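J.: dropping the sequence and predicted coords here.
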Amino acid sequence: MLGRTAIRLTMIMFVIAFASIAQGQENIQKYFNDTACKVKATTDPSQKRDILNTSFDHMFKAMNAAKSSALISKDDKAGIGRLIVTLKEKQDELAGVNGYDRVPDAQLNAFANYVVQDMEQATQTVTISLVALLLIIILVVLIT
């Protein structure tokens, strides 16, 4: 009887953990989706660039703070580092630096959508623990 209870509790904990990780990934994706919506709602290209740059900067600050936390494992730090590199490449592409062509003003809405889709794929392929995801989300909320 005690064995069955332990197995059930273990199964429930796994389900809750997977649901929490999925929720954390959805929050990061929602952050970038909200940014894309703001970009699309703006007509001035310089404001669009500012919105995207501000969004990248807030996420960099949150991820760097999370990465430097003692609560984060080495594997999580590596995963966060890969996400930071991915975001930095997007920001470089937006600005047209480090070998990238600058995103034309007429394509900023499409670029915002591209960032959302790329981050959706990145958060699915880069493994980050629940603690790291929650810490990043909390930091983004505090920074913005």
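T.: Structure received.

J.: export stretch 37-50 as CSV, just CAs?
T.: Only the C-alpha atoms of stretch 37-50 are listed here, as CSV (Å, rounded to 0.1, in the frame of the first residue of the first chain):
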residue,chain,number,x,y,z
CYS,A,37,2.4,42.7,-31.1
LYS,A,38,3.8,46.1,-29.9
VAL,A,39,6.0,46.2,-32.9
LYS,A,40,3.1,45.6,-35.3
ALA,A,41,1.0,48.2,-33.5
THR,A,42,3.6,50.9,-34.1
THR,A,43,4.1,52.6,-37.5
ASP,A,44,7.4,54.3,-36.9
PRO,A,45,10.4,52.1,-37.8
SER,A,46,12.7,53.7,-35.3
GLN,A,47,10.1,53.0,-32.5
LYS,A,48,9.8,49.4,-33.7
ARG,A,49,13.6,49.0,-33.4
ASP,A,50,13.5,50.6,-30.0
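
J.: tell me the mean pLDDT for that stretch?
T.: Averaged across stretch 37-50, pLDDT comes to 94.

J.: now swap in stretch 82-96 and tell me
T.: Across stretch 82-96, pLDDT averages out at 91.

J.: contact partners of it?
T.: 49, 52-53, 56, 59-60, 63-64, 67, 98-103, 111, 115, 118-119, 122-123, 126, 128 (Cβ atoms under 8 Å, 6 or more residues apart in numbering). In short, each C-beta sits where N, CA and C put it, glycine included.
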